[in-house]
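Colleague: Output the structure for:
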Amino acid sequence: MSAKKLVLWAIAALFIAAVLSFAVTYSVRFTEAAVVTTFGKASETSDRSDPGLHFKLPYPIQSVTKYDTRERYIQARSETQQTADNFQIVVEGFATYRVSDPLAFYRRFSSAAGGNRPIDHFREAEELLRSRLRAALGETSKFRMSDLFVERVGGSKLPELERLILAQMSGQSESGESLSAYGLSVTTVGVDRIVLPEATTQAVMDKMAANRVRLAGQYTAEGTARATTIKAAADADAQRIRAFAQSRAKEIIARGEQEAAKFLAEQDEFPELAVFIQNIELMRSVLAKKLTLVLSSRDFGMKLFSPDALRDLEQGKLPVDLEQMPGGGLNAGSSLEDGR
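Modeller: Predicted structure coming up:
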């Protein structure tokens, strides 16, 4: 046998060995799980989750379907939901999931419409998950707008809503099956967007305006009540102070009248002398100031400024006119001798 034939036979042998090795072996990555089926049927031992090289019977006796077990992401389309206080909002949610049981996943989705490839299985599974997510978003109806949108940090009940959505998705469906029966597990659920329709936005603004008007009325009423209370207390205090001042003034007037009574009695004994002394005090007060006065000697208190004042004194009369005194209660015509 020539060298050329040996080379051809060697190449053919290597090719046959490669084909046979490809037909009877398969590898599983650490991010994958495989399901080995015999004549298209999977048994309880068909699950291969250990990474590395594995052996199988050649096709069509046995075939291998591999699934990526890493987390995958799905987004639900916008859904209009109604809150507990009858507001319409548009909610968008998302979820992450992974294949937790490759065998159950294969049994549920291997007959997916459109093909028997793993990508077809995932597409069918994601349709199921989106349907469950949209249904679970109905948990929004248990919350009010004021529960979801708050001013203070950490006061929103949005995390609680997400926990309820996760529990609803992972629980049993209307047919009584949970996601574990499909070989799936949901790891995360979130609400990434909430949009207010135009009508809802206007309703929220109107409600906020009405709330502000209510608060303004409440504060105005409280302020008016406090002002009335303060004014009533101030009026009571003023009345009490006024009554005390009037009572005190009456006491002072009465005491002054009592003290002045004896002096008035003494002045009644010598009325001309009393008027004379008052005129002297008036002259002292007027002359103490640098003033020029032009007055008639007939004016009250000006008798001492008359040229006849000294003559009256020489004749023993006080130069006063009792009739000019206000009230005129003293006896006119009294002489200086009568006052001794």
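Colleague: Whichever strand or helix holds residue 191 pairs with which strands, parallel or anti?
Modeller: Here residue 191 sits within strand 184-195, counting by DSSP states H and E. When pairs are called by DSSP bridges, strand 184-195 turns out to pair with strand 88-99 (antiparallel).
Colleague: So residue 149 sits against residue 156, correct?
Modeller: Yes - taking C-beta atoms under 8 Å as the definition, residue 149 is a contact partner of residue 156 at 6.9 Å. Glycine gets a C-beta too; all of them are placed from N, C-alpha and C.
Colleague: Tell me how far residue 84 lies from residue 147.
Modeller: 8 Å (C-beta to C-beta, to the nearest Å).
Colleague: quick one, which of those two is more surrounded?
Modeller: Per other C-beta atoms under 10 Å, whichever of residue 84 and residue 147 has more neighbours is residue 147, with 17 against 13.
Colleague: That one is in what secondary structure piece?
Modeller: Per DSSP H and E: helix 145-148 holds residue 147.
Colleague: Next secondary structure after that helix?
Modeller: Next in sequence after helix 145-148, counting helices and strands by DSSP H and E, comes helix 158-170.
Colleague: Any chance you could list what contacts that following helix?
Modeller: With C-beta atoms under 8 Å, 6 or more residues apart in numbering as the test, helix 158-170 has contacts from 93, 95, 129, 132-133, 135-137, 139-140, 142-143, 148, 178-179, 185-186, 188-191.
Colleague: Could you give the number of residues near the residue nearest to residue 32 when sequence neighbours are not counted?
Modeller: Distances taken as C-beta to C-beta, 6 or more residues apart in numbering put residue 66 closest to residue 32, at 5.0 Å, once the chain neighbours are dropped. Using other C-beta under 10 Å, residue 66 is surrounded by 17 other residues.
Colleague: Run through the residues that contact residue 66.
Modeller: Contacts of residue 66 by C-beta under 8 Å, 6+ apart are 28, 32-35, 118.
Colleague: Include secondary structure, neighbour count and pLDDT when you put those into CSV, please.
Modeller: Formatted as CSV, those follow (DSSP: H, G, I helix; E, B strand; the rest coil; neighbours: other C-beta atoms under 10 Å; pLDDT from 0 to 100):
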residue, secondary structure, neighbour count, pLDDT
28, strand, 17, 92
32, strand, 18, 94
33, strand, 24, 93
34, strand, 22, 94
35, strand, 24, 93
118, helix, 20, 90
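Colleague: Need the per-residue pLDDT for residue 102.
Modeller: The per-residue pLDDT reported for residue 102 equals 94.
Colleague: Next up, the contacts around it.
Modeller: 33-35, 47, 49, 67, 69, 183.
Colleague: Most widely separated two among those?
Modeller: 34 and 183 (13.4 Å; C-beta to C-beta).
Colleague: First-to-last residue distance for stretch 40-57?
Modeller: 13 Å (C-alpha to C-alpha, to the nearest Å).
Colleague: pLDDT (mean, whole number) over it?
Modeller: The average of the pLDDT scores along stretch 40-57 is 87.
Colleague: contacts for it?
Modeller: Here stretch 40-57 makes contact (C-beta under 8 Å, 6+ apart) with 24-30, 32-38, 62-64, 69, 102-103, 106-107, 110.
Colleague: Which members of these are classed as buried?
Modeller: Burial by neighbour count, 16 or more other C-beta atoms under 10 Å: within the contacts of stretch 40-57 this picks out 26, 28, 32-37, 62-64, 69, 102-103, 106-107, 110.
Colleague: Select the longest helix from this structure.
Modeller: Counting residues, the longest helix found in the chain (DSSP state H) is helix 198-269.
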